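Asks: Next comes the sequence, and after it the predicted model I'd like to discuss.
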Amino acid sequence: MTVTAQAVRRDAVKAPRRRGGGIAPPWLFAVPALLIYALVVLYPAFSGAGSAFTDWSGVGAQRSFVGLDNFQELFHDDQALGALRNTLLLTVAIVVVQNGIGLLLALGVHTGIKSRMVLRVIFFAPVVVSPVMVSFLWKYVYNPAPDAGLNAALGAIGLGGLRQDWLGNPSIALWSVAFTVIWQCAGYSMVIFLAGLEGVPAELHESAMVDGAGTVARFRHITWPLLAPAVTINLMLSTVGGLTLFTQIIAMTNGGPGYATDTLSTVLYKQAFVFGKFGYSTAVALVLAIFVAAVSFIQIGYLRSRETAA
Amino acid sequence: MALDRSVSRRRLLQLVGGATVTAGLAGALSACGGGNGSSSSGGPLKVIGAGSQEAGLRKALDDYKKANPDFDFNLSFSPADQLQTALRAQLAAGNAPDLHAVYPGNGSAMSMVQLSKANLLADLSSQSWTQKIPTGFKGAFQNDGKTFIFSPGTSVLGAIYNKKAFATAGVDVPTTWSELLSVCDKLKKKGIVPIALGAQTPWVTQLIDYALVPGTVYAKTPDFDDKMTAGTASFADSGWADAMDKYLELQKKGFFNDNPNGTTYEQATSMVGTGKAAMAVQVSAVLQAFRQASPTPDDLGMFPFPATDVAADNWIPGGVVVGIAVSAKSKKAEQAKKFIEYCGQPDVVNAWAEAVACVPLYSEGDAKVDPVLKPFLPYLKDNKAVPFMDQRWPNAEVQPTHFAVVQELLGGKSTVPAALKKMDEAYRKSA
């Protein structure tokens, strides 16, 4: 049955090519789209990349070619290296916790509980709010005053000793930002996992139950392997999102206190618009783009092989 | 099994697509709310000012429009931190407003020297008011002998204080560092926060250093900036270390509000306005914001923030306030220049200066000065005022480095020598 369905699909794809001797090759149809892509994506990207080899300030016409100086400076820049460390920490925290919570939420609302549709909407709701609005909301929640926001709530339930300067303490600020991102995006991961769960055939679970498999065994041997595509997509999206995180940081901490929450994205922004070093900023952007692409390729290669194995 | 998986993936993509559209729609909707248009051709003169110059700039534009019915303008304002980014992006894209805020001197990406070097500002040298710029302030207005900005005068930096809070604690205005510590101690014992500090807002972090450095550095070494330029002085081996030590001493003694790194400028302003805190070190240009935050604005006063125990060494920071300049690429440059020429008239300078609580650049006869600034006037008269430090810094990197290291110091993540080393490294980078 499976083989037949795949064969039919392959035939359906190949048929027009075999019969279409008089029709122009299909790639011609892609030309308009490719032209637009080249104009609005490739040309600006490559012309911008050229700035990485200059000392352009970002305004005016003065610029000189400086070769690889910007890249040399980047790899000796304590601020950039600190930002790389923060970026990686944030990414790991977001990927692990956001997807963990997303999976638990998806499993929770995939059950037969009565309010599951309402819960799905509630958990997904933060995703459709602008990240800037979410950041300002959480900035209010993180107010350091003992009688405001989260600190007031902790005091009210007798946990006053846990009150913190959530965004002002350099040791905590990064995790406060990470929590905000996870709060907003866990619903997004949930939706993707939920779609994956809906594709798991109920009869497999029923068969396993007949064979005496418990909830954990059925999750481990049936649900988890069949969720592989959803895991791939979620890990990819959250990794890229974590590596390029910008809005929430600028809105909540502006990279501070000090450099405690600076990421590569905020560093490149500050270098371009605050320090007036557009050339150097472009070098940071180039390195970030290559880094994100490399991580993504490695990750997708591994996850795809995992899907096949499953 | 494979079929099941393909169904799963299709369903998956449908949902992901839906989610993406939803997220995209949300983004598009939020983007709709943020647009403010930017065109220099046709329509009214487009003007973008800094938040702190609103009262004066708006009044000047309104008055000019009344006298010139054909003149029309579209005015918007931006907070200091956003000005450097939003406006700079417009400058880079070649669609800057006709008239826009520019910081005097050098030291920031939106400063007169940085922008005029990039040929982005129109030359105003032919206007008659430029001849009246006092010699000591020319560096704030001019680069290579040409005048590029107009500014109504000088702002001073000191402590904005709540007189009622001082009265409650039974303390008077301090004139030496020791007296200041004693006043803070008494205020604290009365349950009043002695000094409100909103260090989460980056530009606020620098103010206490700026208030102390004239006394700890410039009173002893008036040519410190020249020595820095020549490479014969450094932040680390100067009175900057003393200033930062004193900054931290105030924190260690508990004279700031709790968690200054998590407190914003607006929260600190409100604390002083309502008397919860007794004072905040600030520029006089923001007095209006403190008055708006106070139920009794007349209770607010200002005094020079003492840096040393030698009264004669307690100089003050007094710098030319943020000004306006004409975009070199403006199609309405002539119209904008005429408005600036109007601003240069002594009565307009006076009115603008009064509105933003600064001392007028020049005046004919007696200038109207906000009464709370009177304690600062003798310092200006005796040449004991030092321009805001960043106005002589050679690049736009030193000031944000200063913001960051102060936050690190307040957060206990750095030391004074390490902080000053970072500032020295930023200073030595090319302009």
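Replies: The structure has been received and is ready for your questions. What you see is a predicted model; the values in this text were computed from it and never measured.
Asks: biggest strand in chain B, by residue count?
Replies: Looking across chain B with DSSP state E, the single longest strand is strand B:153-162.
Asks: Which strands border that one, and is each parallel or antiparallel?
Replies: Note on strand B:153-162: by DSSP bridges, its sheet partners are strand B:277-283 (antiparallel), strand B:300-303 (antiparallel), strand B:316-320 (antiparallel), strand B:359-360 (antiparallel).
Asks: Check the secondary structure at the nearest residue to B:Ala418 once chain neighbours are set aside for me.
Replies: For B:Ala418, ignoring the flanking residues on the chain, the nearest one in space by CB to CB, 6 or more residues apart in numbering or on different chains is B:Val405 at 7.8 Å. Backbone N, C-alpha and C define where each C-beta goes, glycine included. Put simply, B:Val405 is helix when judged by DSSP: H, G, I helix; E, B strand; the rest coil.
Asks: how much space between B:Val405 and A:Pro32?
Replies: B:Val405 sits 53 Å away from A:Pro32, going by CB to CB, to the nearest Å.
Asks: Please apply the same query to B:Pro378.
Replies: 73 Å.
Asks: do B:Val416 as well
Replies: Applying CB to CB, the value for B:Val416 to A:Pro32 is 62 Å.
Asks: Could you check which of those two has the larger neighbour count?
Replies: Shown here are B:Val416 and A:Pro32; by other CB atoms under 10 Å in any protein chain shown, B:Val416 has more neighbours (18 against 9).
Asks: can you pull the contacts of that one?
Replies: Shown in contact with B:Val416 (CB atoms under 8 Å, 6 or more residues apart in numbering or on different chains): B:241, B:244-245, B:248, B:409.
Asks: what's the burial count for the closest residue to it other than its chain neighbours?
Replies: In space, and not counting its chain neighbours, B:Val416 is closest to B:Met244: 4.5 Å by CB to CB, 6+ apart. Neighbour count for B:Met244, taken as other CB under 10 Å: 26.
Asks: what's the pLDDT at B:Met244?
Replies: In this model, B:Met244 is scored at 98, pLDDT.
Asks: surely A:His221 meets A:Ala213?
Replies: Yes. At 7.1 Å, A:His221 counts as touching A:Ala213 under the criterion of CB atoms under 8 Å.
Asks: Tell me the residues of the stretch 201-310 of chain A that contact chain B?
Replies: Residues of the stretch 201-310 of chain A lying close to chain B (CB under 8 Å from any CB of the partner chain) are A:201, A:226, A:229-230, A:233, A:253-260, A:269-270, A:273-278.
Asks: so what pLDDT did the residue of the stretch 201-350 of chain B found nearest chain A get?
Replies: Ranking the residues of the stretch 201-350 of chain B by distance to chain A (CB to the nearest CB) places B:Gly262 first, at 2.7 Å. We note a pLDDT of 92 for B:Gly262 in this prediction.
Asks: mind listing what it touches?
Replies: Counting by CB under 8 Å, 6+ apart, B:Gly262 touches A:142-144, A:165-169, B:200.
Asks: Tell me which two of those residues sit farthest apart.
Replies: A:Asn143 and A:Asn169 (13.4 Å; CB to CB).
Asks: Tell me, how many residues neighbour residue 164?
Replies: Went with chain A since none was named. When counting by other CB under 10 Å, one arrives at 18 neighbours for A:Gln164.
Asks: you looked at the wrong chain, it should be chain B
Replies: 15.
Asks: Quick check: it vs B:Pro297, distance?
Replies: Taken as CB to CB, the span from B:Lys164 to B:Pro297 is 12 Å.
Asks: For the chain, give me the ranges with low pLDDT.
Replies: With no chain named, the answer covers chain A. A:1-24, A:309-310 (pLDDT under 70).
Asks: meant chain B actually
Replies: Where chain B drops to pLDDT under 70, the residues are B:1-42, B:81, B:430-431.
Asks: in the stretch 1-150 of chain A, which spans are helices?
Replies: Secondary structure of the stretch 1-150 of chain A (DSSP state H, counting those that start in this stretch): helices located at A:2-19, A:31-37, A:43-50, A:69-74, A:78-93, A:99-109, A:116-124, A:131-141, A:149-156.
Asks: Please enumerate residues in contact with the fifth one?
Replies: Residues outside helix A:78-93 that contact it (CB under 8 Å, 6+ apart) are A:74-75, A:174-175, A:177-178, A:181-182, A:239, A:242-243, A:245, A:259-267, A:284.
Asks: and it, which residues are buried?
Replies: Residues A:79-80, A:82-84, A:86-88, A:90-91, A:93 are the ones in helix A:78-93 that count as buried (16 or more other CB atoms under 10 Å in any protein chain shown).
Asks: what's the neighbour count on A:Asn99?
Replies: 24.
Asks: circling back to that earlier point, if you count contacts, what does the helix or strand containing the residue nearest to B:Val416 end up packed against?
Replies: Assigned by DSSP states H and E, B:Met244 belongs to helix B:240-252. When contacts are defined as 3 or more CB pairs under 8 Å, 6 or more residues apart in numbering or on different chains; DSSP states H and E, helix B:240-252 sits against helix B:177-189, helix B:207-213, helix B:398-410, helix B:416-428.
Asks: Apart from its neighbours in sequence, what residue is nearest the closest residue to chain A within the stretch 101-250 of chain B?
Replies: Of all residues in the stretch 101-250 of chain B, the one sitting closest to chain A is B:Ala118 (2.6 Å; CB to the nearest CB). Spatial nearest neighbour of B:Ala118, excluding adjacent residues (CB to CB, 6+ apart): A:Gly60 at 2.6 Å.
Asks: Would you check that the one you found makes contact with B:Gln114?
Replies: No. Proximity of A:Gly60 to B:Gln114 does not meet the contact threshold set by CB under 8 Å, at 9.3 Å.
Asks: With adjacent residues omitted, what lies nearest to A:Phe123?
Replies: A:Gly187 (4.4 Å).
Asks: quick one, helices of the stretch 151-300 of chain A?
Replies: A:173-198, A:202-210, A:215-218, A:224-226, A:228-243, A:247-252, A:264-273, A:278-309.
Asks: other SSEs contacting the third one?
Replies: Which is helix A:215-218. When contacts are defined as 3+ CB pairs under 8 Å, 6+ apart, helix A:215-218 sits against helix A:202-210.
Asks: Which residues outside the helix it packs on are in contact with it?
Replies: The contact list for helix A:202-210, computed with CB under 8 Å, 6+ apart, reads A:217-218, A:221-222.
Asks: let's go with 7 Å and repeat that
Replies: With CB atoms under 7 Å, 6 or more residues apart in numbering or on different chains as the contact definition, helix A:202-210 has outside contacts at A:218, A:222.
Asks: repeat for stretch B:107-115
Replies: Residues from elsewhere that reach stretch B:107-115, judged by CB under 7 Å, 6+ apart: A:59, A:273-276, B:83-84, B:87-88, B:102-106, B:121, B:143, B:148-149, B:390-393, B:396, B:398-399.
Asks: Let's see that with 6 Å instead.
Replies: A:274, A:276, B:84, B:88, B:102-104, B:106, B:121, B:143, B:148-149, B:390-391, B:393, B:396, B:399 (CB atoms under 6 Å, 6 or more residues apart in numbering or on different chains).
Asks: Repeat that for stretch B:395-412.
Replies: Outside stretch B:395-412, the residues touching it (CB under 6 Å, 6+ apart) are A:170, A:256-259, A:274-276, B:107-109, B:199, B:202, B:205-206, B:260-261, B:390, B:414, B:419, B:422-423, B:426-427, B:429, B:431.
Asks: about what we covered before: how close does the residue nearest to B:Ala418 sit to B:Pro417?
Replies: B:Val405 is 11 Å from B:Pro417, by CB to CB.
Asks: of these two, who's got more company?
Replies: B:Val405 (27 against 12).
Asks: Please work out how many residues are found near residue 115.
Replies: In the absence of a named chain, this looks at chain A. Residues near A:Ser115, counting by other CB under 10 Å: 9.
Asks: wait, I meant chain B there
Replies: For B:Leu115, the count of nearby residues is 30 (other CB under 10 Å).
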